[in-house]
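Visitor: Return atomic coordinates for the entry below.
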Amino acid sequence: MPLSGQRIVLIGGSSGIGLATAKEAAARGASVVIAGRSVERLESASREIGVRAETHSLDATQETAVEAFFASVGPHDHMAVLVPTVPDAEVRKSVRGFADTPQATMEIVMRHKFWCQVYCARHARRHLRDGGSIVFITGQAHRKSLPNYPLVAAADAAVEALARELAREYAPLRVNVVAPGLIETPLIRDLPRGHREALEALVGPQPVPRMGTVQEIAEAILWIMGNGFATGTVLEVDGGYKLT
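Guide: The predicted structure follows:
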């Protein structure tokens, strides 16, 4: 259990994949720091995780807030950024094809999917202990097209390119990426029926013909944190989506 006794910071750790990762990390003996915008969700998550959880209110789209957060958290061993691509279902409704997506929505997508990860990587570095790591989260839209996801695809590709560069620049700290496929998260469950059915149709032809679970992605995140020989790596956990 390589994470036992270590301190793990999860940005966006109060729900979905982030919460599953926090709970599993605590179960493996790590102490967990979770940050998110909703105080209510943070309090609920803390109760689920238990005594090993520390919570902080944070809007990770604001770089000054991110810098102050890491200064207050101090030394830690691993950090992962799990901020959702869009903040809520209302914004998600405005994500369409490239020509039809409003400029404001485009900026929200890039701010959440790319800039949050940039800010966290920039300001976590000086507080990460020797042997530590950064984990970015991307997806599959830039490997195999998803309808209405051109901006997400562009942001994911940018994050993976950044991770490769930081793996060299930040060494001996390790920098890796976990790239999930379509995952059953609370936000997915709250989608309008037609949108959800479209996503379910995409996973049907996969070798693993279903959406993934948040627990499966949590296990991948913790595995790559704990593997001291993995850096500059993109770990795809997608049920074989790109093979369809």
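
Visitor: does Lys144 really touch Gly240, like I thought?
Guide: No: counting by CB atoms under 8 Å, Gly240 is not a contact partner of Lys144; they are 10.5 Å apart. C-beta here means a position set from N, CA and C on the backbone, and glycine is covered the same way.

Visitor: Mind jotting down where the helices sit in the chain?
Guide: 16-27, 39-49, 63-73, 89-93, 103-110, 116-124, 150-169, 186-189, 193-203, 214-226 (DSSP state H).

Visitor: quick one, which of those helices is packed in tightest?
Guide: Among those, the stretch with the highest mean neighbour count (mean count of other CB atoms under 10 Å) is helix 16-27, at a mean of 24.

Visitor: and Ser133, which of the helices of the chain is closest to it?
Guide: Evaluated with CB to CB, the helices of the chain place helix 214-226 nearest to Ser133, the distance being 5.4 Å.

Visitor: Pull the contacting residues for the residue positioned nearest the centre of the chain.
Guide: Taking CA atoms, centre = their mean, the centroid of the chain lies closest to Leu82, which sits 2.5 Å from it. Residues in contact with Leu82 (CB atoms under 8 Å, 6 or more residues apart in numbering) are 10-13, 16-18, 21, 137.

Visitor: can you pull the pLDDT of it?
Guide: We note a pLDDT of 94 for Leu82 in this prediction.

Visitor: So what does it have for phi and psi?
Guide: Phi and psi for Leu82, reported as degrees, to the nearest 10, are phi -120, psi 30.

Visitor: Quick check: the gap between it and Leu243.
Guide: Distance, Leu82 to Leu243, by CB to CB, to the nearest Å: 26 Å.

Visitor: same deal with Ala22?
Guide: Plainly put, Ala22 is 31 Å away from Leu243 if you go by CB to CB.

Visitor: for Leu128, same thing?
Guide: Counting by CB to CB - Leu128 and Leu243 are separated by 35 Å.

Visitor: Over to Arg168?
Guide: As judged by CB to CB, Arg168 and Leu243 stand 30 Å apart.

Visitor: Arg210 too?
Guide: 15 Å.

Visitor: shouldn't His78 be in contact with Gly132?
Guide: Yes: judged on CB under 8 Å, His78 makes contact with Gly132 at a distance of 5.6 Å.

Visitor: Which one's more surrounded, those two?
Guide: Regarding His78 and Gly132, a neighbour count based on other CB atoms under 10 Å identifies His78 as having more, with 27 against 23.

Visitor: What score does that one have for pLDDT?
Guide: With respect to pLDDT, His78 scores 98.

Visitor: and what of Asp88?
Guide: At Asp88, pLDDT is 64.

Visitor: ditto for the one 4 residues further on
Guide: You'll see Arg92 listed with a pLDDT of 68.

Visitor: do the same with Met1
Guide: pLDDT for Met1: 60.

Visitor: circling back to that earlier point, in terms of neighbours, single out the busier of Arg210 and Leu243.
Guide: Arg210 (13 against 10).
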